[in-house]
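*Asks:* What follows is a protein structure lacking sequence information:
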Ligand SMILES: Nc1ncnc2c1ncn2[C@@H]1O[C@H](COP(=O)(O)OP(=O)(O)OP(=O)(O)O)[C@@H](O)[C@H]1O
């Protein structure tokens, strides 16, 4: 119960990974930290939520692993038009 409350109180961080990477690895590296993925929490329109531990601070957080929407590619295409 206490771990659930900790997750809900923490802010949800977002990292950009493609879906295959997210499912295959147990450690996620962002620009500032690395996280050990512990459990699946849920799925939304833009990504998957997993409970994770920050390997530096040992803090429990919920991470949103963003789906690969191709938005950067689309934006690049639009800018070139
Ligand atoms: N901090 C959290 N702790 C525990 N579970 C969470 C947390 N954040 C999200 N979840 C779970 O993950 C599910 C999806 O969360 P998400 O924020 O992606 O929902 P959404 O707002 O519908 O998605 P989106 O913004 O991508 O459309 C939630 O319904 C919830 O079950």
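*Replies:* Done, it's in. Keep in mind the model is a prediction, meaning the values are calculated, not measured.
*Asks:* Spatially nearest residue to residue 44 (excluding sequence neighbours)?
*Replies:* Leaving out its chain neighbours, the residue that sits closest to residue 44 by CB to CB, 6 or more residues apart in numbering is residue 64, at 7.4 Å. Quick note: C-beta positions are derived from backbone N, CA and C, even for glycine.
*Asks:* Residue 51 is in contact with that neighbour, correct?
*Replies:* No. With contact defined as CB atoms under 8 Å, residue 64 does not reach residue 51; the gap is 11.5 Å.
*Asks:* residues making contact with the lengthiest strand in the chain?
*Replies:* As assigned by DSSP state E, the longest strand anywhere in the chain is strand 34-43. Strand 34-43 is contacted from outside by 7, 15, 25-29, 48-56, 61-63, using CB atoms under 8 Å, 6 or more residues apart in numbering.
*Asks:* how many other residues sit next to residue 28?
*Replies:* 20 (other CB atoms under 10 Å).
*Asks:* nope, residue 45 is what I was after
*Replies:* By other CB under 10 Å, neighbour count at residue 45 equals 5.
*Asks:* Now do the contacts for it.
*Replies:* No contacts exist for residue 45 under CB under 8 Å, 6+ apart.
*Asks:* in stretch 52-63, what counts as buried?
*Replies:* 52, 54, 60-63 (16 or more other CB atoms under 10 Å).
*Asks:* what pLDDT, on average, does it get?
*Replies:* Averaging pLDDT along stretch 52-63 yields 94.
*Asks:* Now do the end-to-end distance for it.
*Replies:* 7 Å (CA to CA, to the nearest Å).
*Asks:* just stretch 30-49 next, same as before
*Replies:* So stretch 30-49: terminal residues 15 Å apart, CA to CA.
*Asks:* in that stretch, what's buried?
*Replies:* 33, 35, 37, 41, 47-49.
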